[in-house]
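Undergrad: sequence-free structure coming up:
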């Protein structure tokens, strides 16, 4: 069973808040790059970068990271879905803003950081999470948070990504897969 949680206009409000927070943090954009974790983080990073480019006039590099082979539960997955990582820039000595849709245990972010470091040594990695649902198993905290949420046991948030990349989609409250 799924329950609609956020509509596109509410997602828009959170994205605008995050864009303002990121824009306040930086005065110089030359070494700032964005990397979205596939697939929710990728979708949100695209929209965030568009807003920031319009606001700052800067051209902001955007990459996409697939962490399937970096997961710590890889041995438990019979057929992991591996999609390409597309980072068309060098991460060495860059300020990376890593974008994820939901942070919970911190394990996805740990995998993403490992993958990024395999590509080069960034000067700094900031974590931007659209939703923070708590429940950390690793000492990883976001630098930018759209909204902190508390979910019932066995529930997860799912970003429904529309086929039209320009559209935001919606967020649903769903049963967790076991």
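TA: Yep, that arrived. Keep in mind it's a predicted model, so treat the numbers as computed, not measured.
Undergrad: quick one, what contacts the closest residue to residue 128 other than its chain neighbours?
TA: Closest residue in space to residue 128, ignoring its immediate chain neighbours: residue 144 at 4.1 Å, by C-beta to C-beta, 6 or more residues apart in numbering. For every residue, glycine as well, the C-beta is placed using N, CA and C. Residues in contact with residue 144 (C-beta atoms under 8 Å, 6 or more residues apart in numbering) are 18, 21-22, 25, 97, 126-129.
Undergrad: Separate out the buried members of the residues you listed.
TA: Buried members of the contacts of residue 144, counted by 16 or more other C-beta atoms under 10 Å: 18, 22, 97, 126-129.
Undergrad: Turn the residues you listed into JSON lines, including distance to residue 174 and pLDDT.
TA: Output for these, formatted as JSON lines (distance: C-beta to C-beta, whole Å; pLDDT from 0 to 100):
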{"residue": "18", "distance to residue 174": "23", "pLDDT": "96"}
{"residue": "22", "distance to residue 174": "28", "pLDDT": "98"}
{"residue": "97", "distance to residue 174": "27", "pLDDT": "98"}
{"residue": "126", "distance to residue 174": "28", "pLDDT": "98"}
{"residue": "127", "distance to residue 174": "24", "pLDDT": "98"}
{"residue": "128", "distance to residue 174": "23", "pLDDT": "98"}
{"residue": "129", "distance to residue 174": "18", "pLDDT": "96"}
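Undergrad: any weak-confidence spans in the chain?
TA: Under the criterion pLDDT under 70, the flagged ranges of the chain are 1-4, 73-80, 160-162, 165, 167-168, 170, 172-173, 178.
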